[in-house]
Each structure stands twice: as C-alpha cells, then as structure tokens.
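J.: Next input, structure requested:
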Amino acid sequence: MFHSTDACLTNIADHGGNDDCHRPFDLWGAIAAHPPMSPCAVLSKTPVSRSSQKFTIYRTLYTLNQGIELVLLTFSQLEELGVLRPDQLRSCRIITEELQARANHEVTEAMRKLRRR
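T.: Alright, predicted model coming up:
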C-alpha cells in the first residue's frame, strides 16, 4: 500500500524520516499540494506590521524547510533508480541537512534579535 504525499511529509516532519513510506513518491504532487510562497510575496517592499513580518518570515522558513525535504526525498529516489550510490546519497543528505540547520539557525537568531527591538 502506498502512503499519500501528505502522510509521507507528515512522517518526515514528525519523525525525521521517510522509513514508513513506500515508493513511488509523487514529487510533483507534493509540490502542487504544498506550493511554496512566491518570492515576490516574500520580498514585497510594502510596509508590514511587525506581527505580519514575523508571520512572513516564519512562513518563508517553513517553505524553505519544505523544499529541503523534497530535495532529500529526490536524493532517495535517485539512489533507488541507481543514479546515486549509497555513499553519494549519504554525502548529499549530510550537506543538505547541514545547509538546513544553518539556515534555520540564522533565521531564528535574526528573529531573536527582532524580538529585542
């Protein structure tokens, strides 16, 4: 039995893995179901309230993390298709997860500084 895209994404978010989800994973379906925010919406120069700005920042961070999860799933698909060896998959995952951790850290630090103002 195949799990839905939402179930796979929820499993990743809740448990940090995709072990219970069986292929095929519908990458394009996942993107359609959870579209990222438009860069124009994120970078709008229209003045916004502080709470609206915080919401936009957290929504953007959510979109970034969602995109990274799709990248990680895509790496797994490439390994299953024989394009990536297991050691290459591991390296790609480590680099991607380090990037994700760094981005999350930088954004949360920036938010902490915003709260101090």
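J.: in the protein, which spans are helices?
T.: 5-15, 27-33, 39-42, 50-80, 86-116 (DSSP state H).
J.: In CSV, list those helices along with mean pLDDT.
T.: As requested, those are exported to CSV (pLDDT from 0 to 100):
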stretch, mean pLDDT
helix 5-15, 45
helix 27-33, 59
helix 39-42, 51
helix 50-80, 92
helix 86-116, 94
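J.: Throw those helices into a markdown table and include mean neighbour count, thanks.
T.: C-beta coordinates here come from the backbone N, C-alpha and C atoms, glycine included. Listed next are the helices of the chain as a markdown table, based on neighbours: other C-beta atoms under 10 Å:
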| stretch | mean neighbour count |
| --- | --- |
| helix 5-15 | 15 |
| helix 27-33 | 13 |
| helix 39-42 | 10 |
| helix 50-80 | 15 |
| helix 86-116 | 12 |
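J.: mind checking how far E80 is from R102?
T.: Using C-beta to C-beta, to the nearest Å, E80 is found at 28 Å from R102.
J.: Let me fix that, I meant to ask about V71.
T.: Taking C-beta to C-beta, one finds V71 at 15 Å from R102.
J.: And for E109?
T.: 11 Å.
J.: Same question for L61.
T.: In terms of C-beta to C-beta, L61 sits 12 Å off from R102.
J.: How about R59?
T.: The value you get for R59 to R102, if C-beta to C-beta is used, is 19 Å.
J.: and if you look at S52?
T.: Taking C-beta to C-beta, one finds S52 at 26 Å from R102.
J.: got it, and L70?
T.: As judged by C-beta to C-beta, L70 and R102 stand 18 Å apart.
J.: what's the answer for L81, then?
T.: L81 is 29 Å from R102, by C-beta to C-beta.
J.: ok, the nearest residue to V71 once chain neighbours are set aside - contacts?
T.: Spatial nearest neighbour of V71, chain neighbours left out: T96 (5.6 Å); criterion: C-beta to C-beta, 6 or more residues apart in numbering. Contacts for T96 (C-beta atoms under 8 Å, 6 or more residues apart in numbering) come out as 68, 71-72, 75.
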